[in-house]
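Undergrad: Just a sequence and a predicted model for now, questions to come.
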Amino acid sequence: MPLNKVKPITILMADDDEDDRLLTQDALAESRVLNELFFVEDGVELLEYLERKGKFSEKENSPRPGLILLDLNMPRMDGREALQAIKANPNLKGIPVVILTTSKQEEDMVKGYDLGAASYITKPVTFEGLVELMQTLGKYWVEFVELPPSQND
Amino acid sequence: MQKQKGKIAVNWAGFIAVVLCIVVANAFLALNSIRSLTETQSSLDNTNSLNTAIERLHLSVVQAESGQRGYLLSDREDYLLPYNDAIASMQAQIMLVKSLHSEIEGQADRIARLIHLVNDKVAVMTKTTDLALANKDVKARRLLLTDQGRDLYKDIRTAVDEIQMRELNFKIEQFAKLSQIKNEAKITFAITAVTSTLLIIGMFVLTRINLRNQAKYRAELENQNENLAAKVAERTQELTIYSDELSRSNRELEDFAFVASHDLQEPLRKIQAFSDRLEKMFKDELGEKGIDYISRMKNAAQRMSNLINDLLEFSRVTTRGKDFTDTDLNEVVAEVLDDLEIAIKESETTVNLDTLPHIQADPSQMLQLFLNILSNAVKFRRENVAPVIDIIYQRTSEFSEAHNSDVEWEVITISDNGIGFSEEYLEKIFVPFQRLHGRSQYKGTGIGLSVCRRIVERHGGEITASSRVGEGASFTLKLPVEASLFTLQGEA
């Protein structure tokens, strides 16, 4: 899957689960999607990253993401609140947010789309499933989707 | 209460007895007074009559004597006229005196003596007069002069005086008695008046007491009723609290099952994912044995995942149940048969289907119910025997004690010709995760029928089974026509 023409976008993943972060990184590597993957551990960190505050004040540490993978159940600030804050910020609301969670509950799904999520995906059970998901996501959001030019970079 | 009533009855009986006694006593006293009055009056009349009669007799004697004397002195016969009159009336007067009885002791003897004396006197006078008439004047006069006549008269006079005096005394006595009786009557009257007044007062008091007692009992009764109502309210309150508590703890338990099974999935997913990674990345290092262990680990994880999913499904029957709507069971079964199409074709299953009713139900749960039972019927088939499934429907009516009326039921029986089971496991098959066969023989966690039972019970019905080993099994669903009689819709 050569990606010569397009500049790979940065993917930012917000997930409090260390295992999931590790598995996602492995899966991304396996899928050979050449994207940069950054991690934050909860909603508060996510907003700090996006607004370049605290430890994310250096631009190199926090490139503007082209896609956010958002877990719903996180400590301090959960995915719903973080999503709401992102969509309320005119500077950030253009970034597509894909909810990636273990919850299969209908109300979570409905709420997620209501708040402006681009997609709602339940975490795959197997590693193969995760690899496939990362491939598809990379292909879809990197190759096919055209995003408006970012205002910051 | 009973005792008090008894006391009142005794009170009344005693009161009536007292009233009767007083009335009888009063009547007796009054009668006694009247009788005494009558007696005294008649005694007085009697003594008056006697006195008069005696007086007349005395007068007759005097009249006869004076007439006789006038004749003897004048020798004129016309003087004999009063004498004859007196003598003639004397016998009648004697009879009258005899007929009257004096009440005084000894008076009868005196009267008898008087009459005797009068008779003697009459005899002497008659003798004298007869002698004179026969011109034996001298002898007559002598007879007169012998003072026999005068003595007799004296005696008569004394006797009359005595009799009259005694009668007079008697009369005075009687008058005294009369006035005494009058006084007694006054007293009797007073007593009657007083007792009557007392009776009226007694009646009044007793009635008052009675009314007050009645009011007291009524108040007690009302009080008891209030207590009872309060107790009932209290018990109802307790029951409500208890029932609230129960449904709360039930809900908590179901929430717990839901949340627990949901959260259990998370680490399980990790086990599966990392064992995948191990298998992929370190295949050569692990060797054959290592790969086998990992594959067993993955199998176990998969089984646990299935169990958790089934547990979730089981708890969702009540936690995620939907409201009842009009559900066409024909459509439901058609959809289930559609889902099972491949399995039915492969096993060459025949399904004989009655026309089924519309019921008030949760359609997705009805789907699950029929899917579980029908897929079991296909799954547990006999080797080399094409499955035959009969779905029979009928409506029955049964008396329900809880509703005190007849209740209608939709009864649907689903029977197959599969392997069946021994009826000793009848209860076991509806318990979650109870299996009658080894995992290698038939797949599944053993949750299907317990979910069925939960669904049927949520709809106010019941599910029963009957079977014989090697001959097939039959499941009967009994659902109420009016689900609202047996369920609390809106609580789910």
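TA: Thanks, I have it.
Undergrad: In chain A, what residue spans correspond to helices?
TA: A:18-31, A:43-50, A:79-88, A:106-114, A:127-138 (DSSP state H).
Undergrad: tell me which strands and helices the first one is in contact with?
TA: Packed against helix A:18-31 by the contact rule (3 or more Cβ pairs under 8 Å, 6 or more residues apart in numbering or on different chains; DSSP states H and E) you find strand A:10-14, strand A:36-40, helix A:127-138, helix B:148-281. (Glycine included, C-beta is placed from N, CA and C.)
Undergrad: quick check, the third one touching chain B?
TA: Yes: on the criterion Cβ under 8 Å from any Cβ of the partner chain, helix A:127-138 is in touch with chain B at A:127-128, A:130.
Undergrad: Distance to A:Leu47, mean neighbour count and mean pLDDT added to the helices and strands packed on helix A:18-31, as CSV?
TA: Formatted as CSV, those follow (distance: least, Cβ to Cβ, whole Å; neighbours: other Cβ atoms under 10 Å in any protein chain shown; pLDDT from 0 to 100):
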stretch, distance to A:Leu47, mean neighbour count, mean pLDDT
strand A:10-14, 10, 23, 91
strand A:36-40, 9, 18, 89
helix A:127-138, 22, 20, 86
helix B:148-281, 25, 14, 86
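Undergrad: before we move on, back to that, TSV please, covering the helices of chain A and showing distance to B:Val118.
TA: As requested, the helices of chain A are exported to TSV (distance: least, Cβ to Cβ, whole Å):
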stretch	distance to B:Val118
helix A:18-31	166
helix A:43-50	161
helix A:79-88	155
helix A:106-114	149
helix A:127-138	168
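Undergrad: Find the nearest non-adjacent residue to whichever residue of chain A sits closest to chain B, please.
TA: Here chain A gets closest to chain B at one residue, A:Phe127, 4.0 Å apart by Cβ to the nearest Cβ. Counting by Cβ to Cβ, 6 or more residues apart in numbering or on different chains, A:Phe127 lies nearest to B:Asp276, which is 4.0 Å off, once chain neighbours are set aside.
Undergrad: sorry, back to before: looking at the helices and strands packed on helix A:18-31, which is closest to A:Glu30?
TA: Counting by Cβ to Cβ, A:Glu30 lies closest to helix A:127-138 out of the helices and strands packed on helix A:18-31; the figure is 4.8 Å.
Undergrad: which stretches of the chain have low pLDDT?
TA: Just going to use chain A. Along chain A, the parts satisfying pLDDT under 70 run over A:1-7, A:147-153.
Undergrad: switch to chain B, that's the one I care about
TA: In chain B, residues with pLDDT under 70: B:1-10, B:136-146, B:488-492.
Undergrad: Please identify which residue in it comes closest to chain A.
TA: Closest point on chain B to chain A, by Cβ to the nearest Cβ, is B:Asp276, at 4.0 Å.
Undergrad: doesn't A:Pro124 make contact with that residue?
TA: No: in this structure, B:Asp276 is not within contact of A:Pro124 by Cβ atoms under 8 Å, at 10.7 Å.
Undergrad: residues shared between the contacts of these two?
TA: Shared contacts of B:Asp276 and A:Pro124 (Cβ atoms under 8 Å, 6 or more residues apart in numbering or on different chains): none.
Undergrad: check contacts around A:Ile95.
TA: Contact analysis of A:Ile95 by Cβ under 8 Å, 6+ apart lists A:50, A:64-68, A:86.
Undergrad: And B:Glu55, by the same measure?
TA: With Cβ under 8 Å, 6+ apart, B:Glu55 has these contacts: B:160, B:164.
Undergrad: Just the element for it, please.
TA: Using DSSP states H and E, B:Glu55 maps to helix B:2-74.
Undergrad: What is the subsequent helix or strand relative to that helix?
TA: That would be, after helix B:2-74 and using DSSP H and E, helix B:80-99.
Undergrad: Which elements pack onto that following helix?
TA: Applying 3+ Cβ pairs under 8 Å, 6+ apart, one finds that helix B:80-99 makes contact with helix B:2-74, helix B:107-133.
Undergrad: Measure how that helix sits relative to helix B:107-133, angle-wise.
TA: With axes from the mean of the first three to the mean of the last three Cα atoms, to 10 degrees defining the directions, helix B:80-99 sits at 160 degrees from helix B:107-133.
Undergrad: Tell me the gap between helix B:80-99 and the middle of its chain.
TA: Between the centre of helix B:80-99 and the centre of its chain there are 88 Å (Cα atoms, centre = their mean, to the nearest Å).
Undergrad: do stretch B:252-272 as well
TA: With Cα atoms, centre = their mean, you get 64 Å for stretch B:252-272.
Undergrad: Are that stretch and chain A in contact anywhere?
TA: Yes: on the criterion Cβ under 8 Å from any Cβ, stretch B:252-272 is in touch with chain A at B:265-266, B:269-270, B:272.
Undergrad: Just the CA trace of that stretch, in CSV.
TA: Provided in CSV are the C-alpha atoms of stretch B:252-272 (Å, rounded to 0.1, in the frame of the first residue of the first chain):
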residue,chain,number,x,y,z
GLU,B,252,-29.3,-3.5,41.4
LEU,B,253,-28.6,-7.2,40.9
GLU,B,254,-29.5,-7.0,37.2
ASP,B,255,-27.5,-3.8,36.8
PHE,B,256,-24.6,-5.6,38.5
ALA,B,257,-24.9,-8.6,36.2
PHE,B,258,-25.0,-6.2,33.2
VAL,B,259,-22.1,-4.1,34.3
ALA,B,260,-20.0,-7.0,35.6
SER,B,261,-20.4,-9.0,32.4
HIS,B,262,-19.8,-5.8,30.4
ASP,B,263,-16.6,-5.0,32.2
LEU,B,264,-15.4,-8.6,32.2
GLN,B,265,-15.3,-8.5,28.4
GLU,B,266,-12.5,-5.9,28.6
PRO,B,267,-9.7,-8.0,30.1
LEU,B,268,-10.9,-11.0,28.1
ARG,B,269,-10.4,-9.1,24.9
LYS,B,270,-6.8,-8.4,26.0
ILE,B,271,-6.1,-12.0,26.7
GLN,B,272,-7.4,-12.9,23.3
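Undergrad: Just the element for B:Asp326, please.
TA: strand B:325-328.
Undergrad: Give me the contact list for that strand.
TA: B:356, B:358-363, B:366.
Undergrad: any idea how far B:Val160 lies from B:Pro82?
TA: With distances taken as Cβ to Cβ, to the nearest Å, B:Val160 is found 19 Å from B:Pro82.
Undergrad: partner residues bridging A:Ser119?
TA: A:Ser119 has these beta-bridge partners by DSSP bridges: A:Val98.
Undergrad: Surely it touches A:Leu70?
TA: No: counting by Cβ under 8 Å, A:Ser119 stays clear of A:Leu70, with 10.3 Å between them.
Undergrad: Between these two, which is the more surrounded one?
TA: Per other Cβ atoms under 10 Å in any protein chain shown, whichever of A:Ser119 and A:Leu70 has more neighbours is A:Leu70, with 26 against 15.
Undergrad: what's across from the more buried one in the sheet?
TA: Here A:Leu70, judged by DSSP bridges, has bridge partners A:Ala14, A:Ile99.
Undergrad: Pretty sure it sits against A:Ser103.
TA: No: in this structure, A:Leu70 is not within contact of A:Ser103 by Cβ under 8 Å, at 12.0 Å.
Undergrad: still on that earlier bit, and the helix holding B:Glu55 with helix B:80-99, angle?
TA: Going by the same axes, to 10 degrees, helix B:2-74 makes 160 degrees with helix B:80-99.
Undergrad: Contacts only, for the residue of chain B closest to chain A.
TA: Contacts of B:Asp276 by Cβ under 8 Å, 6+ apart are A:126-128, B:298.
Undergrad: Around chain B, which positions in chain A sit nearby?
TA: A:17, A:19, A:23, A:26, A:102, A:123, A:125-128, A:130.
Undergrad: Let me know the closest of those to B:Glu220.
TA: Relative to B:Glu220, the closest of the residues of chain A next to chain B is A:Thr102; by Cβ to Cβ it sits at 68.5 Å.
Undergrad: Okay then, goodbye and thanks.
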